[in-house]
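*Asks:* This is the structure alone, sequence omitted:
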């Protein structure tokens, strides 16, 4: 992993609910980067070293993913709610001496970033969400096109342990099909990053924890989101939405207007990419993030 993140230090930080693995590098204002499914913090390897020229960059594995711990879940899936996962990251940044920070989240990490900015508004200066619209909007607009493209949303939420057994029968096949299916044509993953994804996803505990992540998204997370809407609460910090112009979000959703339903200050754009912006189009991703993050 040092080859992917030169000059970054590896840390493992205890929170009230998990042990979080992360790498930290650079200097300047703090910036937290959160990965998505089915990846790890390694997805930022083409972006983080450049951003570290201007920021102290923290790339963390979400609980349940990578080398972070996999806490036991419960009937409500609360340990894998975005609220619990966001609380981890506030504690991680606090332990590193950063009570307030900039935040970027891709995919599941974007959903954690949304909840973090909602639950901890004093901690987040500005937040970027990559290749997602809000969870409640995406579920609420479900149609055949979405269900076909994002079948995993409905597969992974099935009761324990059906998806765990099916994925566990050949986890590397499932992982590779997922990654290649969402990438743009001709895009390639660094073999070192792919080896990390394969190593981590082969762990049965990771498979279970990531199913719990999605089960939470379809239950307790929606309850939290609906409570915000019902109370008229919106994100106070500036929001940047970035998405790939070759992906499902671009085809089926309107990310800027979707995020305006939950935030006051939203801007955004499509980038020439599939789902994995930071790996498909790192230069464009860096340019867009840098302009937004410096304010």
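*Replies:* All right, it came through fine. Model, not experiment: these values are computed from the prediction.
*Asks:* Strands of the protein, start to end?
*Replies:* For the chain, applying DSSP state E gives strands covering 9-14, 19-26, 30-34, 56-60, 101-106, 124-130, 239-244, 266-271.
*Asks:* a markdown table for those, including distance to residue 202, mean pLDDT and mean neighbour count?
*Replies:* All C-beta spots, glycine's among them, are computed from the backbone N, C-alpha and C. Shown next, in a markdown table, are the strands of the chain (distance: least, CB to CB, whole Å; pLDDT from 0 to 100; neighbours: other CB atoms under 10 Å):
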| stretch | distance to residue 202 | mean pLDDT | mean neighbour count |
| --- | --- | --- | --- |
| strand 9-14 | 20 | 98 | 14 |
| strand 19-26 | 17 | 98 | 22 |
| strand 30-34 | 22 | 99 | 27 |
| strand 56-60 | 21 | 98 | 27 |
| strand 101-106 | 22 | 98 | 27 |
| strand 124-130 | 26 | 99 | 25 |
| strand 239-244 | 27 | 98 | 26 |
| strand 266-271 | 31 | 98 | 18 |
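*Asks:* Turn the ones you listed into JSON lines, including distance to residue 46.
*Replies:* As requested, those are exported to JSON lines (distance: least, CB to CB, whole Å):
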{"stretch": "strand 9-14", "distance to residue 46": "19"}
{"stretch": "strand 19-26", "distance to residue 46": "14"}
{"stretch": "strand 30-34", "distance to residue 46": "12"}
{"stretch": "strand 56-60", "distance to residue 46": "12"}
{"stretch": "strand 101-106", "distance to residue 46": "12"}
{"stretch": "strand 124-130", "distance to residue 46": "13"}
{"stretch": "strand 239-244", "distance to residue 46": "15"}
{"stretch": "strand 266-271", "distance to residue 46": "13"}
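*Asks:* who wins for proximity to residue 192 among the ones you listed?
*Replies:* strand 19-26 (13.8 Å; CB to CB).
*Asks:* any idea how far that closest one is from the chain center?
*Replies:* Averaged C-alpha coordinates place strand 19-26 at 15 Å from its chain's average position (CA atoms, centre = their mean, to the nearest Å).
*Asks:* Could you tell me the angle between it and strand 9-14?
*Replies:* 150 degrees (axes from the mean of the first three to the mean of the last three CA atoms, to 10 degrees).
*Asks:* Run the angle between strand 19-26 and strand 56-60 for me.
*Replies:* Using the same axes, to 10 degrees: strand 19-26 against strand 56-60 is 150 degrees.
*Asks:* circling back: could you say which one of the strands of the chain comes nearest to residue 167?
*Replies:* strand 101-106 (21.1 Å).
*Asks:* who does that closest one pair up with?
*Replies:* Strand 101-106 sits in its sheet next to strand 30-34 (parallel), strand 124-130 (parallel), going by DSSP bridges.
*Asks:* wait, residue 35 sits on residue 43?
*Replies:* Yes - using CB atoms under 8 Å, residue 35 is in contact with residue 43, at 4.8 Å.
*Asks:* Identify the contacts common to these two.
*Replies:* Common contacts of residue 35 and residue 43 (CB atoms under 8 Å, 6 or more residues apart in numbering): residue 106.
*Asks:* about what we covered before: relative to residue 271, which of the strands paired with strand 101-106 is closest?
*Replies:* Using CB to CB, the strands paired with strand 101-106 put strand 124-130 closest to residue 271, at 9.0 Å.
*Asks:* Run through who's touching the closest one.
*Replies:* Strand 124-130 has contacts (CB under 8 Å, 6+ apart) with 36, 100-107, 110, 113-114, 116-117, 235, 237-243, 259, 277-278, 285, 289, 292-293, 295.
*Asks:* if we go to 6 Å?
*Replies:* Strand 124-130 is contacted from outside by 102-106, 110, 113, 117, 237-242, 277, 289, using CB atoms under 6 Å, 6 or more residues apart in numbering.
*Asks:* Distance from it to the middle of the chain?
*Replies:* The answer for strand 124-130 is 12 Å, by CA atoms, centre = their mean.
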